[in-house]
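A.B. asks: Here's my sequence, what's the structure:
(one chain, ligands or ions: 1)
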Amino acid sequence: MTGARAASPVPVAEAKGLFKRFGATVALHDARITVLPGEAHALVGRNGAGKSTLVSLLTGLRRPDAGTLAFGGEPAPAFGDTEAWRSRVACVHQHSTVLPHLTVTENLFLGRRSASALRPIRWRELHRRSAELLGAYGVDLDPRRRAGDLTVEQRQFVEIARALSSGAAFVVLDEPTAALDAQGIARLFAKLRELRRRGVAFLFISHHLREVYDLCDRVTVYRDARHVVTAPVSELGHAALVEAMTGEAAAAARDRPVAARTAGPEVLSVDGLTLPGAFHDLSLTVRAGEVVGLAGSASSGAVRAAETVAGLHRARAGRIVVAGRAVRGGDVPAALRAGVGLVPEDRHLQGLVPGRSVAENATLTLRGRLGPFGTVLPSRARALTERMIRDLDITAPGPSAPVAALSGGNQQKVVVARALATGPRLLVAIRPTAGVDVRAKEFLLRRIRRAADEGGAALVVSDEPDDLRGCDRVVVMFHGRVVAGFGPGWSDDRLVAAVEGMTGTHEEGR
Ligand SMILES: Nc1ncnc2c1ncn2[C@@H]1O[C@H](COP(=O)(O)OP(=O)(O)OP(=O)(O)O)[C@@H](O)[C@H]1O
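C.D. replies: Coordinates of the predicted model:
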């Protein structure tokens with residue numbers, strides 16, 4: 001075995017001939033993947049391609065219908081032997097599996113069986129060991145802290161440290177950057193590079209193809225439940241990668257607005273808005289026909305500001321006027337009545353009712369509009385949803401499928417569909433393309449643009465240059481204040497610098 005290793009290394013993980021169905025849906029069809037020791041291997045594909053299903057099989061969460069899995073040349077552990085799976089593969093999900101009410105130490109050492117398991121727990125000793133363990137991965141954290149009080153980034157590092165300390169040399173990262181801002185992503189990547197130097201291998205799932213090129217050696221593409229290609233990233237250019245994902249030749253270059261459109265009357269006017277701890281004295285206008293970007297990192301207050309406009313928080317001071325009507329803060333139904341549609345940041349907490357159908361979720365905001373006496377007539381809801389499924393290119397078995405059965409990106413499209421269903425005067429979209437594949441991203445952004453072109457207006461919160469490129473103006477926030485404003489034709493560098501608080505310019509006013 002050891003002799004053969006030099007010639008062709010034993011893969012840290014290898015899956016062959018995987019099949020997995022959910023009812024009538026084929027999630028994986030004869031799929032395969034091979035991850036070599038110490039490599040950073042990307043897995044990409046459109047929403048619903050089968051990536052998360054593969055992760056659930058690779059981590060022992062689900063059992064394949066057919067196919068084989070091996071780690072380090074050995075067959076996968078028995079299904080249900082959690083400890084054995086954990087020692088072979090670790091997974092960092094977008095949604096953390098760290099238990100929030102326990103301390104960092106408890107999370108790190110939870111459920112470990114050892115010779116000393118029957119002895120009373122010596123907390124001082126354990127805290128010292130966790131500090132040491134975290135230190136070894138360059139994480140400076142008080143191990144006595146409750147995990148629930150950590151940031152997403154810190155929780156991810158606890159998760160990675162836990163995984164590696166149980167012996168795994170293979171970590172699956174399922175959209176780990178989705179909830180991080182640019183600096184958080186840079187720190188995560190620095191840690192991942194360092195771990196790779198020590199021989200740890202990664203399977204990295206992301207819809208940000210730039211991250212794939214930045215971090216990974218090889219890339220595997222899945223399309224419609226099947227393996228399409230595995231190649232070194234250096235041999236698969238951007239256009240070829242998108243083509244492998246979509247099965248179509250790459251789309252023509254995205255249209256960039258060259259000049260500001262003539263804007264109509266004010267749809268949103270925010271004046272002197274203050275929410276202590278989040279933003280201070282914020283003033284902003286959005287006119288009919290405009291798409292305005294609100295950019296900022298996690299601590300900028302941009303998300304909270306947009307949520308306040310949509311009625312999720314009550315500001316301490318200031319005024320919000322939508323289409324000439326003052327909107328009382330902290331009242332979502334009032335904001336909805338005034339014509340605000342919201343795509344919330346966290347579709348799991350604020351966006352969807354998982355057990356209900358796609359049709360019910362997509363029409364949640366429409367009560368009273370479709371039928372008499374506040375009812376939603378099933379036939380009309382169905383017709384409307386079928387149109388949305390077509391319109392937004394949602395991959396779903398049909399309007400009556402439960403939304404929990406859709407892939408993450410398709411769930412996000414249902415959230416956007418729902419916000420658009422009311423024909424809002426002002427669409428407030430918070431990171432609307434999070435978790436959405438490359439094609440669907442362009443589609444959603446075009447759909448938002450269209451809502452504005454048809455007489456509405458949109459406020460798009462994001463720190464992704466790609467999300468903001470189609471905006472007429474971009475307002476940048478840093479630490480709760482507006483620090484910059486850009487008109488059309490801004491450069492990525494200057495925008496990123498402003499988001500990171502490196503500059504404060506107003507190129508085109510607000
Ligand atoms: N629990 C489930 N019940 C029914 N269908 C499911 C379930 N989980 C996944 N599917 C279906 O299996 C297919 C593959 O989904 P999967 O979540 O693996 O896609 P994905 O590539 O991870 O997509 P995304 O990029 O949107 O996260 C989809 O058609 C999805 O609707």
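A.B. asks: how does this protein divide into domains?
C.D. replies: Per automatic domain parsing, the domain ranges recorded for the chain read 11-98+151-246, 100-149, 257-339+423-510, 348-421.
A.B. asks: Now the helix or strand containing residue 107 - C-alpha only, CSV.
C.D. replies: Assigned by DSSP states H and E, residue 107 belongs to helix 104-109. What follows is helix 104-109, C-alpha atoms only, in CSV (Å, rounded to 0.1, in the frame of the first residue of the first chain):
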residue,chain,number,x,y,z
VAL,A,104,-16.6,26.2,22.9
THR,A,105,-14.9,23.5,24.9
GLU,A,106,-18.1,21.5,25.3
ASN,A,107,-18.5,21.7,21.5
LEU,A,108,-15.0,20.6,20.9
PHE,A,109,-15.0,17.6,23.2
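A.B. asks: Within range of the ligand, give me the residues from the chain.
C.D. replies: Counting by Cβ under 6 Å from any ligand atom, the residues of the chain close to the ligand are 22, 25, 27, 45, 47-53, 395, 405-410, 437. The way it works is simple: take the backbone N, C-alpha and C, and place the C-beta from them, glycine included.
A.B. asks: from these, which ones fall inside helices?
C.D. replies: Among these, the members falling in helices (DSSP state H) are 51, 52, 53, 408, 409, 410.
A.B. asks: returning to what we had before: just list what the helix holding residue 107 packs against, helices and strands only.
C.D. replies: Secondary-structure packing of helix 104-109 (3 or more Cβ pairs under 8 Å, 6 or more residues apart in numbering; DSSP states H and E): helix 123-136, helix 152-165.
A.B. asks: Run the angle between the first one and helix 152-165 for me.
C.D. replies: It stands for helix 123-136. Between helix 123-136 and helix 152-165, the angle comes out at 100 degrees (axes from the mean of the first three to the mean of the last three Cα atoms, to 10 degrees).
A.B. asks: Helix 123-136: which residues count as buried?
C.D. replies: Neighbour counts using 16 or more other Cβ atoms under 10 Å place 126, 127, 129, 130, 131, 133, 134 of helix 123-136 among the buried residues.
A.B. asks: next one: stretch 331-338
C.D. replies: Neighbour-count burial for stretch 331-338, counted by 16+ other Cβ under 10 Å, picks out 334, 335, 336, 338.
A.B. asks: Out of the residues you listed, the closest to the ligand would be?
C.D. replies: Checking these against the ligand by Cβ to the nearest ligand atom gives residue 336 as the nearest, at 27.3 Å.
A.B. asks: How is the closest one assigned, secondary-structure-wise?
C.D. replies: Remark: residue 336 carries the secondary structure label helix [criterion: DSSP: H, G, I helix; E, B strand; the rest coil].
A.B. asks: Surely it touches residue 322?
C.D. replies: No - with contacts defined as Cβ atoms under 8 Å, residue 336 does not count as touching residue 322, sitting 10.2 Å away.
A.B. asks: Between these two, which contacts overlap?
C.D. replies: With contacts taken as Cβ atoms under 8 Å, 6 or more residues apart in numbering, residue 336 and residue 322 have no neighbour in common.
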